[in-house]
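In: Okay, sequence plus prediction incoming.
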Amino acid sequence: MRISIKLKFSLFLAVLLILAVSVLSYFVLRGVERNQQGQIESSLAQHITTVNLRVKQTFYTGARLEPQQFLQQRGRALAAELAGFTGLEVTLYDIQGQQVGTSAQGEPGPDRPDVSTALGYALNNKVAYQSEGGRLFYLAPLQGPDEQMGVVQLQYPLKNAQSFQQTLLNLFLTTGGAVLVFSFIFGYLYFNRAAAAIGRLRQSAEQIRRADYIKAPPLQRKDELGELAEGIFFMSREIESSIAAKDEERRKLQLAVEKLQALEQQQKQYIGNISHEFKTPLTSIKAYVDLLNMYEDDPELLHDAKISIAKETQRLYEMVEKVLQLTALEKYDFESQAGLLEIEETLRDICSRMKGKAERYGLTITLDVKPAHIWIDKESFMHIFINLLDNAIKYNVPQGTIRLHSEVKDQRVYITVRDSGIGIPEESRDLIFEPFYTVNRDRSRASGGTGLGLSLVHNLVEKQGGSITLLDSSGGAEFLLSFPVVTVESFPL
Ligand code: ADP
């Protein structure tokens, strides 16, 4: 069974109060009782002194009698007289323990208790008392001229003292009860507040468990609960930041794994492509060799075989070279030796090298390039533009044109290579820089293409800190390249 903390605390407070009130009332009542007892005893002792004095006085002033006789004769009157003095009921006994006089009204009856034991003590010259039904019977020796002559008994009513004690007890009980009820109610209300605060802390902990982190301390108090609330808030913040860091780590790890997987896939495809591309010319060469073995005297076959084997070998050679270049680009940097390069002069040189091939296809190359310096590996720069111009020639139309243009803007040189050829379909735009990608395999093969040229160009450009994009792909292709320019003054030659 679940008992709420506020009920437990309230009950605990109530039990504590009951204990406190009980202990307090016990000691107070005991104190009052003792005090009253002391007062009664001293007042009775005084009365006894007075009684003895009066008895002695009467004994000496009257006719000379034996103490026994004196008491027999004067006992009654003395008892009545002494009752008048003391205001108490007085009974006198002689030394034999015989009652010789009393101020009590009426005959002795059952309401008269038996005081023989106390009387025995008093007859032996001792003070004795006995309480009986709201009365105290105080018995003391009565002194004669030489020795004890009898016993005087004073009857003291205890009613007043007892009713005072009863009133006090009632007062304690009623105030105790009232205090108990009030303290229970106030305690319950107070602990209710504390329990509500604890409830709020519990809610916050529950919220954190659901990963719903708190933005501020759940309580504003200047006590231990307030400190606990702050602790919970800091804990929440710590958990939130460490979980966020962990999520970020996981996200990065996931990205790295995805990248690795993609890379692995790419590599597999790359190797598959290489094998496939290498196999085609080798199959062709092998077929001619087989045919030559069978018909070695056929001059026509010999002629065809020479041409085809030379073409395929050249293709293979170019392919191997490009594959090696690509691999080297990915793995090593040592082949690239950057230096200051003047682009107008270099592009002019490249164009004049390609001019012969262009003219064979009836194409014209125009150059509109401004002088500018860039920091680049010359070999790579040459490779880039030779490949681009080679493509512009291969994929051009008869009597077509090729145009190289450059301009310098915002510390960068922008070079465009535009041709009037067949263009690149829109769906191939994102794929042309992939290794072994060709738009039309037959056309590419017919022109000696391998699908590696643009991939190599892209890698070389990026390695040299530049960028390349395909601007226009319809009505001829247009590639835009850009490199950061450098001022010659900062590189004294
Ligand atoms: P390839 O050796 O086959 O030319 P590239 O990587 O140089 O391989 O080019 C990839 C493909 O992009 C080519 O097969 C071709 O279809 C297309 N391409 C490249 N340059 C041009 C261009 N100037 N005009 C039209 N198509 C081009």
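Out: Done, it's in.

In: Please count neighbours and contacts with C-alpha atoms only from this point.
Out: Noted.

In: anything in the worst-scoring helix or strand of the chain on mean pLDDT sitting right up against the ligand?
Out: Ranking every helix and strand in the chain by mean pLDDT, DSSP states H and E puts helix 441-446 at the bottom, with a mean of 75. Yes: counting by CA under 6 Å from any ligand atom, the ligand is contacted by helix 441-446 at residue 444.

In: Outside of that helix itself, which residues are in contact with it?
Out: With CA atoms under 8 Å, 6 or more residues apart in numbering as the test, helix 441-446 has contacts from 438, 450, 451.

In: and the second one, which of the three is it?
Out: What it means is residue 450. The three-state assignment at residue 450 reads coil, by DSSP: H, G, I helix; E, B strand; the rest coil.

In: Need the pLDDT of it.
Out: Residue 450 is assigned 80 on the pLDDT scale.

In: Tell me how far stretch 248-267 lies from the chain's centre.
Out: 31 Å (CA atoms, centre = their mean, to the nearest Å).

In: next one: stretch 182-195
Out: On CA atoms, centre = their mean, the centre of stretch 182-195 falls 31 Å from the chain's centre.

In: thinking again about what came up before, make CSV out of the contacts of helix 441-446 and add distance to residue 159.
Out: Converted to CSV, the contacts of helix 441-446 look like this (distance: CA to CA, whole Å):
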residue, distance to residue 159
438, 127
450, 131
451, 128
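
In: Considering only those residues, which also neighbour the ligand?
Out: 438, 450, 451.

In: so how many other residues sit close to the nearest residue to the last one once chain neighbours are set aside?
Out: Right, residue 451. Excluding its sequence neighbours, the residue lying closest to residue 451 (CA to CA, 6 or more residues apart in numbering) is residue 436, at 3.9 Å. Residue 436 has 20 neighbours, counted by other CA atoms under 10 Å.

In: pLDDT wise, what is residue 436 at?
Out: At residue 436, pLDDT is 86.

In: Quick check: it touching residue 450?
Out: Yes: with contact defined as CA atoms under 8 Å, residue 436 reaches residue 450; the gap is 6.3 Å.

In: For the ligand, give me its nearest residue in the stretch 151-300 of the chain.
Out: residue 277 (11.2 Å; CA to the nearest ligand atom).

In: What residues of the least confident helix or strand of the chain count as buried?
Out: Across helix 441-446, burial judged by 16 or more other CA atoms under 10 Å covers residue 444.

In: ok now do the residue of the stretch 151-300 of the chain closest to the ligand, which residues does it touch?
Out: Residue 277 makes contact with residue 450 under the criterion CA under 8 Å, 6+ apart.

In: State the distance from it to residue 285.
Out: Distance, residue 277 to residue 285, by CA to CA, to the nearest Å: 13 Å.

In: Please apply the same query to residue 13.
Out: 105 Å.

In: Mind checking which of those two has more residues around it?
Out: Neighbour comparison, residue 13 and residue 285: the larger count goes to residue 285, with 20 against 17 (by other CA under 10 Å).
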